[in-house]
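# With the input below, show me the fold.
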Amino acid sequence: MFKKFLLFTFIFLLFAELNSLRANQQIYESKCGKCHSLRNPNNYTKKDWKYNVERMAKRAGLTEEEIKSIIALNTK
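The predicted model follows:
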């Protein structure tokens, strides 16, 4: 019974994480893709990706939540 609970919990958390990444990707595509081609977040270090997102945030009209969600796309 406990093993089933753990499996269910793991699947639920995995599904939630995938939905979150999908939502983050949609924000990235809709906001950043308006003006230029999209970059692969994992082609940058976490530090460089964060810097680039924060540098472009005002131009793209990003909210604090959107900034965080786009930064989270770098999974390295």
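
# ranges for the helices of the protein?
Here the chain has its helices, by DSSP state H, at 2-32, 46-60, 64-71.

# Can you add mean neighbour count and give those helices back as a markdown table?
Every C-beta, even on glycine, is put in place using the N, C-alpha and C of the backbone. Output for the helices of the chain, formatted as a markdown table (neighbours: other Cβ atoms under 10 Å):
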| stretch | mean neighbour count |
| --- | --- |
| helix 2-32 | 12 |
| helix 46-60 | 15 |
| helix 64-71 | 17 |
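
# With distance to L38 and mean pLDDT as added columns, please give those in CSV.
Shown next, in CSV, are the helices of the chain (distance: least, Cβ to Cβ, whole Å; pLDDT from 0 to 100):
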stretch, distance to L38, mean pLDDT
helix 2-32, 6, 77
helix 46-60, 12, 96
helix 64-71, 11, 94
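
# can you list those in CSV and add distance to R39?
Converted to CSV, the helices of the chain look like this (distance: least, Cβ to Cβ, whole Å):
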stretch, distance to R39
helix 2-32, 8
helix 46-60, 8
helix 64-71, 11
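
# who touches the closest residue to A23 other than its chain neighbours in this structure?
Closest residue to A23 apart from its sequence neighbours, by Cβ to Cβ, 6 or more residues apart in numbering: S69 at 6.9 Å. Applying Cβ atoms under 8 Å, 6 or more residues apart in numbering to S69 gives the contacts A23, N24, I27, Y28.

# and what of C35?
Contacts of C35 (Cβ under 8 Å, 6+ apart): R59, A60.

# for the one 4 residues further on, same thing?
For R39, the set of contacting residues under the criterion of Cβ under 8 Å, 6+ apart consists of N52.

# With L62 instead?
L62 touches K31, V53, M56, I70, counting by Cβ under 8 Å, 6+ apart.
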